[in-house]
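# Sequence below, structure please.
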Amino acid sequence: MRFAIKFIATCSAIFSAISILPAGASAQTVANPIAPSAALTGGAPSFSAPRTGGQKAAPELAAAAGGGNFAGTLEIGAYNKVFQGQFGANNVSNVGIIKGYANSVGVLQAGDNLKSNVALINTQGLSVGVIQPNGSAPVNVLIARLPNGALLIKR
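Model (predicted):
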């Protein structure tokens, strides 16, 4: 029970920190800041190098690619590695590593409308691979190292 309350409190703190844009600001205004006006520079002319090409938003702010695929990763720990490959359309994959060290997770979805959720909690040095061919059932896996040292695998 105490572990569940700590987990919920940690997740709510993380998700509240994700909202980094101020109210009313859009991703476009953050990616393309406004140039200073003449009033701010004291009327002096400003010189800048010519720009080639247009400004692009940071990858975090760019629109998602077509196909309807989504791959989300939450990593809290050190030296964790996550690979999520999606070949098809409308695939959803979520990987969460909380309080982990040196874990490796690979998710390969080769088909359409596939779903997978993998969570590693308090683990060290685990390697987990999920391969989903077309038409396979959703994969939901929770692997947790309990306080008494036991390994819980829930699917």
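# So residue 89, which state does it fall into?
Three-state call for residue 89 (DSSP: H, G, I helix; E, B strand; the rest coil): coil.
# for stretch 120-134, which positions count as buried?
120-123, 126, 128, 130, 132 (16 or more other Cβ atoms under 10 Å). For the C-beta atoms, the positions are set from N, CA and C on the backbone; glycine is no exception.
# again, but for stretch 99-115
Using 16+ other Cβ under 10 Å as the test for burial, stretch 99-115 gives 99-100, 103-109, 111, 114-115.
# May I ask which two of the residues you listed are separated the most?
99 and 111 (32.3 Å; Cβ to Cβ).
# quick one: the helices in the protein?
Counting by DSSP state H, the chain has helices at residues 2-18, 27-31.
# can the buried residues of stretch 120-134 go into TSV with extra columns for pLDDT and distance to residue 143?
Listed next are the buried residues of stretch 120-134 as TSV, based on pLDDT from 0 to 100; distance: Cβ to Cβ, whole Å:
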residue	pLDDT	distance to residue 143
120	97	5
121	97	7
122	96	9
123	96	6
126	95	7
128	96	7
130	96	12
132	96	17
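# ok, those vs residue 69, which is closest?
residue 132 (12.6 Å).
# about what we covered before: in strands, which of the buried residues of stretch 99-115 appear?
99-100, 104-109, 115 (DSSP state E).
# quick revisit: which one of the buried residues of stretch 99-115 is nearest residue 82?
Of all the buried residues of stretch 99-115, the one with the least separation from residue 82 (Cβ to Cβ) is residue 105, at 4.9 Å.
# Perfect, I'm done here.
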